[in-house]
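> Everything below, folded, please.
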Amino acid sequence: MDNKIINSFLFIFTIIVPFQSGAVNLSESLDKLLRTTNTKEQEQIINQILKEKPSVDSLIALLQNIKFKKLDKIGIITNENLCIDGIKRPFCWYVPSTYDPSKKTPLLIYLHGGISRPDIIEKPEEYVQNSPFIKIADKYNYILLFPLGQFGATWWDSVGVSNVLQQIRITKQNFNIDDNRVFLTGFSDGGSGSFLFAMCYPTDFAAFLPLNGHPGVGSWGGLQTYFINLFNCPLYVISTEKDELYPAKKITPIIELAQSAGANILYRIYADIGHSFDYVDKELPLMVKFMETHPRSLSSIIKWESAYPGMGCMWLSIDSIIAEGHADWYKDYNMELIDDRVMFGFMPDDKYNGPGVRIGKVVGDSTLCAILGIQEGDVLIKLGENPVNNLDDINKYKEDKKCGDWAEMTILRQGQELKLKGQFPGPTKYNLFRRGQPSARLEAYFCGNKFSIKASQVGAFTIYILPDMVQLDQNVVLEVNGRKIFDGQISASPEFLLHNFLKNRDRALIYVNKLFINLKNL
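This next block holds a predicted model:
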């Protein structure tokens with residue numbers, strides 16, 4: 001990693017000063033605050049700013065008028081992020097030649113597939129250079145962000161999720177990003193990850209575009225997810241009929257369930273295509289059209305469910321959960337699925353270049369490879385009487401097989417040829433979304449200065465206040481389950497504004513205070 005490149009692209013903005021008296025010092029202080037990542041120094045600067053008693057309006061105006069400097073380099077830029085597990089992981093930007101730092105620019109994040117691989121993608125610059133999404137960046141002036149994940153930092157574990165969100169913050173520090181035009185897409189595991197972010201972390205995004213993914217994968221990876229949350233953000237979803245992993249016939253009933261929960265999904269299916277992005281040339285302009293017509297907007301209705309305190313959507317979060325039984329109106333949009341895929345149960349070693357397919361990792365404890373005792377490093381050279389040269393030979397062999405059929409594998413282990421015979425496991429039943437922890441649900445509506453909330457198993461929640469939402473010189477009224485529990489004014493807090501902005505780096509959603517409600521005390 002070239003540290004000179006990294007350092008030259010960090011914190012390269014200044015602030016336009018739209019005011020006269022006292023504005024220079026405030027501007028300089030804000031500039032220092034936004035440059036530093038040291039929390040102790042941030043607190044010192046915030047205290048200095050607050051001593052000047054700035055108005056909330058002046059702070060908002062300054063933050064919304066941040067000026068970004070011209071870049072020394074465009075094209076592919078490599079950076080790295082210190083993840084919460086203490087490991088620095090690389091990521092890449094692609095900056096088109098049309099990028100103008102004086103103009104807000106849309107951001108498209110792409111999540112790659114094969115996320116369970118042990119190592120980060122080799123030669124990330126080459127990987128980015130081969131991305132078809134560069135066509136979008138160059139033609140429509142989008143900045144691209146390419147997170148790079150691996151086992152232990154996937155799109156659905158805490159390390160990988162926080163890594164992506166932190167990279168978005170870093171991107172907003174370095175480029176003039178249009179906060180209302182941030183989009184997330186991905187293929188295969190990346191498509192599954194896009195569903196996960198849509199159901200768990202929608203606030204940063206305008207829309208999601210999952211490609212050949214599965215809505216349930218993130219839940220299987222550890223998080224409880226809920227289709228009701230897809231009400232809050234539009235999705236553009238693509239499946240293919242001959243997808244070996246997630247065929248359209250299996251995905252379509254799942255999408256229909258999501259739509260019955262209120263999800264805003266545009267769903268497209270391609271025939272005669274497998275688990276590949278062969279439809280890319282036709283889809284890219286359609287994806288751009290979808291993104292251009294779906295900017296993020298402030299919604300007056302939020303529907304949100306979570307099993308994890310502190311998670312929320314835009315101006316609402318659930319902070320405490322009470323396992324007392326859900327309300328009569330509550331419905332869990334889940335379904336039982338049958339897995340009848342014919343799978344050997346291994347991940348190939350991508351670094352192997354010899355004859356056959358070398359086993360990189362055996363998956364599960366009841367798959368065919370696990371049952372037969374296949375080991376990491378074994379090389380699969382024959383299936384039945386059919387030689388195996390690559391993964392295509394394996395997929396072709398599976399075309400004539402179904403669950404319960406017999407299979408004969410010939411492997412090389414430490415130079416010795418072994419023949420193993422066993423049965424593909426039979427179909428298994430499972431839930432689309434895993435359950436276990438109690439969840440809480442809020443359905444929130446605001447009109448004028450009044451918030452109306454339906455709550456189920458909610459112990460506490462927070463409403464974040466935007467000047468665009470309410471008139472701060474008038475009382476804010478809050479009703480929960482038909483009962484008025486708050487009627488009073490909420491003041492704008494410069495201290496809250498600054499701390500919240502440092503956390504989110506969002507110039508379109510600048511919150512000025514919050515209303516915390518503990519229902520257990522009422």
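> Could you find the closest non-adjacent residue to Tyr397?
Excluding the flanking residues, the one nearest Tyr397 by Cβ to Cβ, 6 or more residues apart in numbering is Leu383, at 4.5 Å. For every residue, glycine as well, the C-beta is placed using N, CA and C.
> wait, I meant Ile453
Once flanking residues are discounted, Ile453 sits nearest to Val480: 4.6 Å by Cβ to Cβ, 6+ apart.
> check contacts around that neighbour.
Counting by Cβ atoms under 8 Å, 6 or more residues apart in numbering, Val480 touches 453-455, 517, 519.
> Quick check: bridge partners of it?
Val480 forms beta bridges with Ile453, Arg483, as assigned by DSSP bridges.
> Which per-residue confidence value corresponds to it?
With respect to pLDDT, Val480 scores 97.
> hang on, the earlier thing: for the contacts of Val480, which two are the farthest from each other?
Pairwise distances across the contacts of Val480 peak at 13.5 Å for Lys454 and Ile517 (criterion: Cβ to Cβ).
> Those two: who's more crowded?
Ile517 (23 against 18; other Cβ atoms under 10 Å).
> Hmm, that one is touching Asn481, no?
No - at 11.8 Å, Ile517 does not count as touching Asn481 under the criterion of Cβ atoms under 8 Å.
> Arg507 touches Leu62, doesn't it?
No - using Cβ under 8 Å, Arg507 makes no contact with Leu62, being 10.3 Å away.
> so how far is Asn395 from Trp220?
23 Å (Cβ to Cβ, to the nearest Å).
> Neighbour count for these two, which is higher?
Comparing Trp220 with Asn395 by other Cβ under 10 Å, the one with more neighbours is Trp220, at 16 against 13.
> May I have the distance across stretch 49-62, first residue to last?
Taking Cα to Cα, to the nearest Å, stretch 49-62 runs 13 Å from one end to the other.
> Show me which residues of it are buried.
Buried residues in stretch 49-62, counting neighbours by 16 or more other Cβ atoms under 10 Å, are found at 49, 54, 56, 58-62.
> How about stretch 419-426?
Buried residues in stretch 419-426 (16+ other Cβ under 10 Å): 420, 422, 424-425.
> Also stretch 154-165?
Result for stretch 154-165 [16+ other Cβ under 10 Å]: buried residues 154-157, 159-165.
> and if you look at stretch 95-102?
95-96, 99, 101.
> Name the residues that touch it?
Identification of contacts with stretch 95-102 by Cβ under 8 Å, 6+ apart yields 67-71, 73-75, 77, 105, 137-138, 141-143, 175-176.
> Output the strand or helix carrying Ile170 in PDB with nothing but the alpha carbons.
Assigned by DSSP states H and E, Ile170 belongs to helix 158-174. This file holds the C-alpha atoms of helix 158-174, laid out as PDB (Å, rounded to 0.1, in the frame of the first residue of the first chain):
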ATOM      1  CA  SER A 158     -20.200  -7.100  12.300                       C
ATOM      2  CA  VAL A 159     -16.600  -6.600  11.000                       C
ATOM      3  CA  GLY A 160     -17.600  -6.500   7.300                       C
ATOM      4  CA  VAL A 161     -20.700  -4.400   7.800                       C
ATOM      5  CA  SER A 162     -18.900  -1.800   9.800                       C
ATOM      6  CA  ASN A 163     -16.100  -1.800   7.300                       C
ATOM      7  CA  VAL A 164     -18.500  -0.900   4.500                       C
ATOM      8  CA  LEU A 165     -20.200   1.800   6.500                       C
ATOM      9  CA  GLN A 166     -16.800   3.300   7.600                       C
ATOM     10  CA  GLN A 167     -15.700   3.300   3.900                       C
ATOM     11  CA  ILE A 168     -18.700   5.300   3.000                       C
ATOM     12  CA  ARG A 169     -17.800   7.800   5.700                       C
ATOM     13  CA  ILE A 170     -14.300   8.000   4.400                       C
ATOM     14  CA  THR A 171     -15.500   8.500   0.900                       C
ATOM     15  CA  LYS A 172     -17.700  11.400   2.000                       C
ATOM     16  CA  GLN A 173     -14.800  13.000   3.700                       C
ATOM     17  CA  ASN A 174     -12.700  12.900   0.500                       C
END
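> And that helix, what does it pack against?
Contacts defined by 3 or more Cβ pairs under 8 Å, 6 or more residues apart in numbering; DSSP states H and E place helix 158-174 against strand 75-82, strand 88-95, strand 105-111, strand 143-147, strand 177-187, helix 189-200.
> Tell me which residues are up against it.
In this structure, residues lying in contact with helix 158-174 by Cβ under 8 Å, 6+ apart are 9-13, 34, 68, 79, 81, 83-85, 89, 91, 93, 107, 109, 111, 115, 143, 145, 147, 149, 152-155, 177, 179, 182, 196-197, 200-201, 204, 504-507.
> With stretch 373-385 instead?
346, 349, 352, 354-362, 387-388, 393-394, 397, 407-413, 417, 420.
> Buried only: go through these for me.
346, 349, 356-360, 362, 388, 393-394, 397, 407, 409-412, 420.
> can you pull the pLDDT of Trp220?
84.
> My read is that it contacts Leu432, right?
No - Trp220 is beyond contact range of Leu432, at 9.3 Å (criterion: Cβ under 8 Å).
> ok, Leu82 - contacts?
Lys88.
> so where's the stretch 1-150 of the chain shaky on pLDDT?
1-24 (pLDDT under 70).
> Repeat the analysis, applying 50 as the threshold.
Within the stretch 1-150 of the chain, the segments meeting pLDDT under 50 span 1-23.
> got the residue ranges for the helices in it?
Secondary structure of the stretch 1-150 of the chain (DSSP state H, counting those that start in this stretch): helices at 3-8, 23-35, 39-51, 56-64, 124-129, 134-140.
> What are the buried residues along the second one?
Applying a neighbour-count criterion of 16+ other Cβ under 10 Å, the buried positions in helix 23-35 are 23, 26-27, 29-31, 33-34.
> And that helix, how far out from the chain middle?
Computed by Cα atoms, centre = their mean, to the nearest Å, the chain-centroid distance of helix 23-35 equals 32 Å.
> I'd like to know which elements that helix is packed against.
The contact analysis (3+ Cβ pairs under 8 Å, 6+ apart) places helix 23-35 against strand 13-15, helix 39-51, helix 56-64, helix 494-504.
> That concludes my questions; thank you for your assistance.
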